[in-house]
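Q: What would the 3D arrangement of this be:
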Amino acid sequence: MKKIKEPAYFLNSIKETQPFDDEKEFIGKINESKDFRRNPDMTPKQEELNKKIVLDKLDGLISIFENYGVCSNQILILGSLDYFRLALKRENLKKQQKDELLKVIFEYGEHIENFYFTMRMHPKHFSYYDLTPVEEEFDRLQYYIEDLGILPRLNDKNVDLSIFLEDDELSCNG
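A: A predicted model of the protein is given here:
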């Protein structure tokens with residue numbers, strides 16, 4: 001069985017990259033980073049840190065849900081998280097659009113994280129949970145990402161699915 005990252009995975013990345021003198025300073029930095037979407041005057045370095053925080057959150061959630069049994073709920077969650085990871089890797093947006101994209105993906109990740117904390121005591125029932133609200137939010141965000149010109153929606157009948165392969169996957173198949 002794979003070792004699961006702690007749900008506070010993205011916070012650990014902050015602690016590793018920025019040494020702090022005391023725990024109070026670290027807690028303050030955590031609260032500041034979790035609330036990154038409230039700071040409109042970020043430096044490019046802060047923007048990169050925010051993107052890393054969101055990607056780390058997605059990666060941590062993926063590592064958690066990879067360990068659950070295969071079912072439609074697992075496919076929905078893993079597929080949506082992977083879609084958002086790819087969108088963040090491929091985006092080339094202006095500051096305001098990038099900030100909004102990070103915000104909505106971060107909030108989606110928090111929604112999935114809250115779901116995990118709600119159901120973690122009963123993982124055997126995972127496949128029975130009704131994830132309609134998660135599916136609806138994922139659909140809404142796919143339209144948003146498509147409107148930004150980053151990625152098409154997964155259920156678009158006219159899309160070439162190879163667009164969802166990452167560049168390193170394409171070179172391995174060739």
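Q: Could you name the specific helix or strand carrying the closest residue in space to Phe106 that isn't next to it in sequence?
A: In space, and not counting its chain neighbours, Phe106 is closest to Val54: 5.0 Å by C-beta to C-beta, 6 or more residues apart in numbering. (C-beta placed from N, C-alpha, C; glycine too.) For Val54, the host element (DSSP states H and E) is helix 44-65.
Q: After that helix, which helix or strand is next? Please name it.
A: Scanning onward from helix 44-65 (DSSP H and E), the first element met is helix 72-90.
Q: So which bits of that following helix are buried?
A: 73-74, 76-78, 80-81, 83-88 (16 or more other C-beta atoms under 10 Å).
Q: Report the two of those separated the most.
A: Asn73 and Leu88 (23.0 Å; C-beta to C-beta).
Q: returning to what we had before: now the buried residues of helix 72-90 as CSV including distance to Ile112 and pLDDT?
A: Shown next, in CSV, are the buried residues of helix 72-90 (distance: C-beta to C-beta, whole Å; pLDDT from 0 to 100):
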residue, distance to Ile112, pLDDT
Asn73, 11, 94
Gln74, 12, 95
Leu76, 10, 96
Ile77, 6, 97
Leu78, 10, 97
Ser80, 8, 97
Leu81, 7, 97
Tyr83, 12, 96
Phe84, 10, 97
Arg85, 13, 96
Leu86, 16, 95
Ala87, 15, 96
Leu88, 15, 96
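Q: how about those residues in CSV, adding distance to Glu113?
A: Shown next, in CSV, are those (distance: C-beta to C-beta, whole Å):
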residue, distance to Glu113
Asn73, 15
Gln74, 15
Leu76, 15
Ile77, 11
Leu78, 14
Ser80, 13
Leu81, 11
Tyr83, 17
Phe84, 13
Arg85, 15
Leu86, 20
Ala87, 18
Leu88, 17
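Q: ranges for the helices of the protein?
A: 9-17, 23-34, 44-65, 72-90, 95-119, 132-147, 167-173 (DSSP state H).
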